[in-house]
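**Student:** Mind folding the following:
(one chain, ligands or ions: 2)
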Amino acid sequence: MKKENLVEEIKKLKEQKKAAILAHNYQPEEVQDIADFVGDSLELSRKAAEVEANIIVFCGVHFMAETAKILAPEKKVILPDLGARCPMADMLRGRDLRHMKDQHPGKKVVAYVNTTAEVKAETDVCCTSANAVKVVGNIAEEEIIFVPDRNLASFVGQKTGKKLIIWDGYCPIHEGIKARHVEKMKRLYPQAEVWAHPECRPEVLRLADKILSTGQMIREAPVSKAREIIVATEIGILHRLRKENPDKKFYPAREKAVCRNMKKINLKKVCKALLLEEPEVMVDPGLAARAREAINQMVRFV
Ligand code: 13P
Ligand code: SF4
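**Tutor:** Ligands and ions are numbered 1, 2, ... in the order given. From the prediction side, this is the model:
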């Protein structure tokens, strides 16, 4: 089917079935363009809980669709490709976290939203890159278990002064952005500001003028005085940044910073998923109930 026909078919099916399409900022351009809502992990979680729809077609990776299902158990949540997983989320299993908790009894657990439902069920409070500093800063204890991203943990530890007991996980895409990539771009565009996602390595964050979640980058772009910006995150974000700010220039810190999992979703798969109402993301109700409390706390922090 041609692209225009696919877009038409998706629109028709969406209305017929009272479905909403939610897409992460890293999704392929064609998917972002047909979505009802595009956002970061925190915004998408909130949207999943409040959107009026029978079906949510979640265009992102598995943990995001799982989080949506936990927050909206009455809705059918569909992930157009079940193979779209986050390698960082898969670096930590429930039993790994249980082992950490045994080794550090009584410590509060903060888990990045990039985790499986099994890990969230073992967690006191979840966070996203948009609110991690506030979530950790709000905990009275000085020593806290923080999983699974070592880079986000180092950033949050610095900002809050807390001692974080960490898991050695990381995002392979953000980890692949090196200081030398950013330095090269700074030489090419000396006037440009550098904005980096907190999943980046500490040496990249040290070069950044601003450290922002993807949603924060979107909100910062129209109000920033900078005319040129080097963006250290997955390159999918550039589509929205450029579309919504045609007067500014955005350069990827590294052209090859591409999350292949995010790009597994395409228009053809969205159309098929809407038609067949599958593959559906299911979460065991007992597990979901335990994970929900931690996620609900996360969505309360702006
Ligand atoms: P944001 O929450 O900033 O969108 O980033 C999450 C991320 O890396 C998704 O994988
Ligand atoms: Fe996971 Fe990194 Fe891809 Fe985000 S960009 S989904 S953290 S692998």
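**Student:** what's the offset of the helix or strand harbouring D102 from the middle of its chain?
**Tutor:** If you go by DSSP states H and E, D102 is part of helix 94-103. Centroid separation between helix 94-103 and its chain, computed with CA atoms, centre = their mean, to the nearest Å, is 24 Å.
**Student:** Is there a neighbour count for M185? I'd like the number.
**Tutor:** If you count neighbours by other CB atoms under 10 Å, M185 ends up with 20. Yep, even glycine has a C-beta here, placed from its N, CA and C like the rest.
**Student:** Can you report phi and psi for P222?
**Tutor:** Torsion angles at P222 (phi, psi; degrees, to the nearest 10) stand at phi -70, psi -20.
**Student:** list the contacts for it?
**Tutor:** P222 makes contact with E244, N245 under the criterion CB atoms under 8 Å, 6 or more residues apart in numbering.
**Student:** Centre-most residue in the protein?
**Tutor:** Central residue of the chain (CA atoms, centre = their mean): S41, 4.0 Å from the mean position.
**Student:** Relative to ligand 2, how far out is it?
**Tutor:** 9 Å (CB to the nearest ligand atom, to the nearest Å).
**Student:** Once you drop chain neighbours, what's closest to that residue?
**Tutor:** Among residues not flanking S41 along the chain, T128 sits closest, at 4.4 Å (CB to CB, 6 or more residues apart in numbering).
**Student:** For that neighbour, which residues are in contact?
**Tutor:** T128 neighbours (CB under 8 Å, 6+ apart): D40, S41, L42, S45, Y112, V113, S213, M298.
**Student:** Let me see the ranges of the strands in the chain.
**Tutor:** 19-24, 37-39, 55-59, 76-78, 108-112, 125-127, 143-147, 163-166, 193-196, 210-211, 228-232, 249-252 (DSSP state E).
**Student:** Residues in contact with the fifth one: which ones?
**Tutor:** The reference is to strand 108-112. Here strand 108-112 makes contact (CB under 8 Å, 6+ apart) with 97, 101, 119-120, 122-129, 132, 135-136, 139, 141, 144-149, 152, 294.
**Student:** Does G94 touch A121 like I think?
**Tutor:** Yes. Counting by CB atoms under 8 Å, A121 is a contact partner of G94 at 7.1 Å.
**Student:** ok so, going back, what pLDDT does the residue nearest to the centre of the chain get?
**Tutor:** Per-residue pLDDT puts S41 at 92.
**Student:** Report the contact partners of it.
**Tutor:** H24, M64, T67, V113, N114, T128, S129, A130, S213.
**Student:** just those residues that are near ligand 2?
**Tutor:** Here is what survives when the contacts of S41 are matched to ligand 2 using CB under 6 Å from any ligand atom: N114.
**Student:** So which bits of the stretch 1-150 of the chain are right by ligand 1?
**Tutor:** N25, D40, S41, C86, N114, T128, S129, A130.
**Student:** how about a cut-off of 8 Å?
**Tutor:** Along the stretch 1-150 of the chain, the residues adjacent to ligand 1 under the rule CB under 8 Å from any ligand atom are 24-26, 39-42, 60-61, 64, 86, 88, 113-114, 128-130.
**Student:** So which of those belong to helices?
**Tutor:** Residues of these located in helices (DSSP state H): S41, L42, M64.
**Student:** The closest residue to A20 other than its chain neighbours - how many residues pack around it?
**Tutor:** Distances taken as CB to CB, 6+ apart place A53 nearest to A20, at 3.8 Å, with adjacent residues excluded. For A53, the count of nearby residues is 18 (other CB under 10 Å).
**Student:** Test my guess that A53 contacts V77.
**Tutor:** No. With contact defined as CB under 8 Å, A53 and V77 do not form a contacting pair (10.2 Å).
**Student:** OK, contacts around the closest residue to V77 other than its chain neighbours?
**Tutor:** Closest residue in space to V77, ignoring its immediate chain neighbours: K69 at 4.2 Å, by CB to CB, 6+ apart. Neighbouring residues of K69 by CB under 8 Å, 6+ apart: K75, V77, V281, M282, V283, A288.
**Student:** Between these, which sits nearest ligand 1?
**Tutor:** If you rank these by distance to ligand 1 using CB to the nearest ligand atom, V281 comes first, at 16.2 Å.
**Student:** Near the closest one, how many other residues are there?
**Tutor:** V281 has 22 neighbouring residues, counting by other CB under 10 Å.
**Student:** Can you give me the pLDDT of it?
**Tutor:** 98.
**Student:** you'd agree it is up against L79?
**Tutor:** Yes. Because the distance of 5.2 Å satisfies CB under 8 Å, V281 is recorded as touching L79.
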